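**Q** Sharing a model prediction with you, sequence too.
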Amino acid sequence: MNLNLTTATRYGLNVLAAFGASMALYFGRSIFVPLVIAGLLAAMLWPWAKWLHRRLKLPWFVACSSAIGLLLLVVVLVVALVVVSIPQILNDLPNPNNREDIQKKYGDLRNSFLNTPLPFERVNEVLPPNVDDAKLYQELLKYLGGQQITADLLSLGGSGMHLLAETVLVLFTLLFLLVEGQMLVDKVRNIFGPGLGIQASVSRAFREMAESVRSYLVWRTIVNIGLGVVLGAVYHFVGMKQPVLWALLTVILCYIPYLGTIVAGVMPTLDALVNVGPLAGLGILVFYIAIVTVEGYIIVPWVMGRSMDLNATTVLVACLFWYLVWGTAGLFLAMPMMAAIKAICANVPGWAPWGELMGSEHTPPPPHDESKPVIDLTAAVIAANGEIPRPQATPTTDAKG
């Protein structure tokens, strides 16, 4: 049946299709999120498993299991460092049932501001001499001594158990994707038809998508680790209480564009401000802003190149969309997902303009085709108002015409 659809109808159907896909991603997030995470990790670990299989002559299943085991070892090490740091943070907090401990910690904090050669003229208003008059400090003590902190810790434990179950699911899915990856790619390629041209286009799209995702994940991880090492060394040199924990949070949170970078700098600044002094807090803040600026505008574009050539608007919209459909996991997955989508747009006929729309380079307008008529829009508008006769568009002709 031949349907003559107007342009408005086609646009409406596309909008409905996009809305339906978004709803499917939202309601199916319990399936899609582990599957996407496993797919991204498979793209990153594939070269390592392939190297173990070819160079060390390991069976393919053993090579895939070894690559996953190395990843699991790194994850366990990171989780162990975070878990060990939590009791230390709780021990540094004032005991709400110990009056002397409260007065001592509050006095140390107030004296650090009073002894700073900075114009903190309203210290007595924010930090009065009597700890009972410090409203913000008293609210902190109420929180520490109430039931809310217990509920939050229990909620954190429940989230940890859920995260553990999700991790097991991701690892099993990752193992299957690595073991059967080539077979799945061949089967998906055969869906699009037996033509050699179509087969080559699909293979190229898969290859470029995997390379884009792998390039982002590998280089983003290397840059984050380097950033964490530098910041951790500075935090330790300044004398902060938890330099390793703040460095690890920087490594993890910097996978989230913009927002993660901001959040990663808040806690170390507060740590330096409270436990070292206002000057140290100000110095940490300035140093952190300087190093993340260098990382964002010089290092990342240099090492990632065109594989992650996305403009800021695309990045922000992608973070908002994937956070809406997948929550916090969507923030971590937004950038590698956009890398894969951009690679697909570059290889699908008719989708290249969408890939250019997501890029950061200025695309010049297409050259004018001399064989098409040229209409003076200004004269046409004037003619519509009745001031001069409406101009007629006359196509240009060549010498033979």
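**A** Everything's here; your move. Residues are numbered from 1 along each chain as shown.
**Q** burial measure for Val229, as a count.
**A** 13 (other C-beta atoms under 10 Å). Placement of C-beta: from N, CA and C, glycine included.
**Q** Contacts only, for Ile89.
**A** Each residue near Ile89 by C-beta atoms under 8 Å, 6 or more residues apart in numbering is listed here: Lys241, Gln242, Leu245.
**Q** From Phe206, how far out is it?
**A** Taking C-beta to C-beta, to the nearest Å as the measure, Ile89 falls 45 Å from Phe206.
**Q** before we move on, what about Val234?
**A** 42 Å.
**Q** ok so, going back, possible to save the contacts of Ile89 as JSON lines with secondary structure and neighbour count?
**A** Shown next, in JSON lines, are these (DSSP: H, G, I helix; E, B strand; the rest coil; neighbours: other C-beta atoms under 10 Å):
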{"residue": "Lys241", "secondary structure": "coil", "neighbour count": "17"}
{"residue": "Gln242", "secondary structure": "coil", "neighbour count": "21"}
{"residue": "Leu245", "secondary structure": "helix", "neighbour count": "22"}
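**Q** low-confidence ranges in the stretch 251-400 of the chain?
**A** Within the stretch 251-400 of the chain, the segments meeting pLDDT under 70 span 304-308, 360-400.
**Q** For it, which segments are assigned as helices?
**A** Secondary structure of the stretch 251-400 of the chain (DSSP state H, counting those that start in this stretch): helices located at 259-275, 278-294, 300-304, 312-326, 328-347, 352-358, 377-384.
**Q** Of these, which stretch is the most buried?
**A** Ranked by average neighbour count under the criterion mean count of other C-beta atoms under 10 Å, these are headed by helix 328-347 at a mean of 20.
**Q** Packing partners of it?
**A** Applying 3 or more C-beta pairs under 8 Å, 6 or more residues apart in numbering; DSSP states H and E, we find helix 328-347 packed against helix 29-55, helix 196-238, helix 312-326, helix 352-358.
**Q** Now the weakest link among these, please, by mean pLDDT.
**A** When the helices and strands packed on helix 328-347 are compared by mean pLDDT, helix 352-358 comes last with a mean of 81.
**Q** Any idea which of the helices and strands packed on helix 328-347 gets closest to Thr9?
**A** Of all the helices and strands packed on helix 328-347, helix 352-358 sits nearest to Thr9, with 20.7 Å by C-beta to C-beta.
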